[in-house]
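J.: build the 3D model from these lines:
(chains A, B and C)
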Amino acid sequence: MNGEAAACVNIVETLSSCLVAGGMAPGLASFIQTLMGVVLVSAFPLVLVIFLIWVERKVAARVQDRVGPNRVGPYGLLQSFADAIKLILKEDIIPAGADRLIFNVAPIIAVLSVLLIWAVIPFSPVHIGADLSIGLLYFVSVSSIGALAIMMAGWASNNKYALLGAFRVVAQLVSYEVPMVVSLLVPVLIVGSLSMQTIVRAQIGMWFIVPGLLSAIIFYISNLAETGRAPFDLIEAESELVAGYNIEYSGMKFGLFMANEFMHAFTVNVLFAVIFLGGWSGPGAEQFPLLGFLYLLAKTALVYVFSLILRATVPRVRIDQMMSFNWKFLVPLSIVNLLVIALLLQVTRALGIAPAPGETDFLANLPQALVLLAGNLVIIAGTLAILRNSGRRERLAEQTVVTSRAIVPVGSGD
Amino acid sequence: MIPLWMYLLVAAAMFCIGVYGVLSRRNAVAILMSVELMLSAVNINLIAFWRYTAPSDMAGQVFTSFVFVIAAAEAAVGLAIIISIYRSRRSVAVEDVNLLKG
Amino acid sequence: MLELNATTLAFFVFAILSLGGALGVVTSSNLIHGALYLILSLFGGAGFFVLLSAPFMAAVQVLVYIGAIAILIIFAVMLTRSMTRMTEVYNRQWWLSALVGTLLLLMLALGVIFPVWGEGGMLPNQPVSNEVATTEALGVAFVSGDQFVLPFEISSLLLTGAMIGAIVLARDTEAS
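T.: You can find the predicted model right below:
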């Protein structure tokens, strides 16, 4: 299926000349060609999400020693279709006192905020929706619209639980945007460009996960929070909130929020593969673009399955823990990381061991990458030492509290 | 290509709507939103002039970025002031903030 | 003089978005609607930036205004919840302000359509060149010593000051 989608992009590229040869006006033909491209690029994640839900349920089931969906179709593959049909057939309820227009528009904006990201994802050396010169910034700004959709949904539902849920989610999304953007600056510093295609090309010699190890980790963690995955799944903390911001939604509008959540989780993993794991780059990818597409999917699948296993195994954090983890740990760490990397980049350039721009050889990229990796490891070691000391101090303080409580004589008054 | 005066006209209209909002609304948050409109209109003007008269020079975009900075700082501090006024006076109507009026 | 093509269409769509949104901001009695209209208006502004080949500014507009300022305003509206539906939207001088706004618009429109400045009292209908400075040049302009490094540093100082000030002001002293 995936190979077909990429092959179709090739057909799209030659479509306009076909149509012009058939007697159509060139302007209209190129418009139709663009439209076809848009439909293909946006239909791909929408179709993919149906299978992603099945993958997610299967992996979670395996972790929990269950079988997972296995009734509809072979291996339960058609389970998601059955669920989707059920959602479409369900009654569409709009609560009394709801702000009808905002209530109805919110799920669409939520899905849009994720779909628009796919416009700048490079599938292969030649296949990309639009190779914007500001691609990475476009991703950041488009995904910030998602918080708005959740706010609209929570407010328009006219339900205090929905509103409280939306407050929590938006606070989480806005906070974790900060370390995400700062950690994205490290690859941008190394490449010197915001264009996605240039970022991937710069990684042909060396994947950015090596020189930008720490920023990759920070990007991954903050993306877990941005997409509301465990251990940050307070968006839909079933056991705490009634259901969060989407409590009043039913039928396909709820389905859109669901699909948005799964699609977003997959999309940020694609971006992780593009920005830190070299995207489509791999042996033979330049000659056979389709191979690049397969490389990208394989890398994404690796990261995605890891996030699924993480989701099924870690417990949920409290909201205050999540906030202080972000503001007191991730944000300072990402800023320190950015400063150190910027300094080391200047040092390597001054020493002359930095590769020439556009260098695709592994060995030429190695010295700079090793220097940056060493810088990363030093920061990580320092952070761990600080954490260990402060943790020990806290445990000691706790122990003294416990012992001092124990020696208070009974009946000495409160 | 669109002539420059059309951009300027739209920006001028946006600015005047903002002026009307600042002068006529009672709610402090609404006044702040109208100020944001005015700043945004200024941005459109800056970028339009930059594109039509000096597209190879950086000054236009740099000044737009400074307007963004001002807008962000203004929104943050303004909303903080409004919230603390609301906390002490239980109102965000600007005519209720009259402690200093003899 | 104005040929109908995709750019012209896009211009009018963005003009309607930004002006309609602006009118919505100043007229809606429900402040949440006002904030959403503001987002619509700013989105139109971002569209103008794209048309004017400043995509970086468009992305920053979406990120800063829609992703941060608008969300902040919505938060503030909800935190001061009792006033989201004020019975009286306008103060007593609303007619005077409308007059001021209209007169100002007339004056600006006259000045824009019949300019007395510029090359021979004419506004350019075409950009002087299609050589547009890149985002990289913008970044260099921010940090190079002979251009804008001082204002850039001062603006970052301003942001830090605003952040600290906002935290101090909005902090609930009684709770702690």
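J.: just give the number of residues close to residue 24.
T.: Went with chain A since none was named. A:Met24 sits with 14 neighbouring residues when counted by other C-beta atoms under 10 Å in any protein chain shown. (Each C-beta comes from the backbone N, C-alpha and C, glycine too.)
J.: wait, I meant chain B there
T.: Neighbours around B:Ser24, by other C-beta under 10 Å: 24.
J.: spit out the contact partners of it.
T.: Taking C-beta atoms under 8 Å, 6 or more residues apart in numbering or on different chains as the criterion, B:Ser24 is in contact with C:26, C:90-91, C:93-94, C:97-98.
J.: for the longest helix along chain B, buried residues please.
T.: When chain B is scanned for its longest helix (criterion: DSSP state H), the result is helix B:59-89. If you call a residue buried by 16 or more other C-beta atoms under 10 Å in any protein chain shown, then helix B:59-89 has these buried ones: B:60-66, B:68-86.
J.: returning to that earlier point: can you name the two of the contacts of B:Ser24 that are farthest apart?
T.: C:Val26 and C:Gln93 (14.1 Å; C-beta to C-beta).
J.: hmm, C:Val62 is touching C:Gly47, no?
T.: No. Using C-beta atoms under 8 Å, C:Val62 makes no contact with C:Gly47, being 10.1 Å away.
J.: picking that back up, quick one, which of C:Val26 and C:Gln93 is more surrounded?
T.: Neighbour count, other C-beta under 10 Å: between C:Val26 and C:Gln93, C:Val26 has more, with 28 against 12.
J.: break chain A down into its domains, please.
T.: A:1-89, A:98-391 (automatic domain parsing).
J.: most packed of those domains?
T.: domain A:98-391 (a mean of 19; mean count of other C-beta atoms under 10 Å in any protein chain shown).
J.: ok, and does that domain reach over to chain C?
T.: Yes. If you take C-beta under 8 Å from any C-beta of the partner chain as the test, domain A:98-391 does meet chain C, through A:99, A:102, A:132-134, A:137-138, A:140-142, A:144-145, A:147-148, A:151-152, A:155, A:163, A:167, A:170, A:174, A:177, A:192-194.
J.: any idea how far apart the tips of that domain sit?
T.: 48 Å (C-alpha to C-alpha, to the nearest Å).
J.: picking that back up, check the offset of the longest helix of chain B from the chain's centre.
T.: With C-alpha atoms, centre = their mean, to the nearest Å as the basis, helix B:59-89 stands 9 Å off its chain's centre.
J.: just checking, what packs against it?
T.: helix B:28-53, helix C:55-60, helix C:70-79, helix C:135-143, helix C:149-170 (3 or more C-beta pairs under 8 Å, 6 or more residues apart in numbering or on different chains; DSSP states H and E).
J.: please repeat the previous calculation with a cut-off of 10 Å.
T.: helix B:28-53, helix C:31-51, helix C:55-60, helix C:70-79, helix C:135-143, helix C:149-170 (3 or more C-beta pairs under 10 Å, 6 or more residues apart in numbering or on different chains; DSSP states H and E).
J.: residues in chain C within reach of chain A, list them.
T.: Contact residues (C-beta under 10 Å from any C-beta of the partner chain) of chain C with chain A: C:5-6, C:30, C:32-33, C:35-36, C:39, C:43, C:46, C:55-68, C:70-72, C:74-75, C:77-79, C:81, C:84, C:134-136, C:139.
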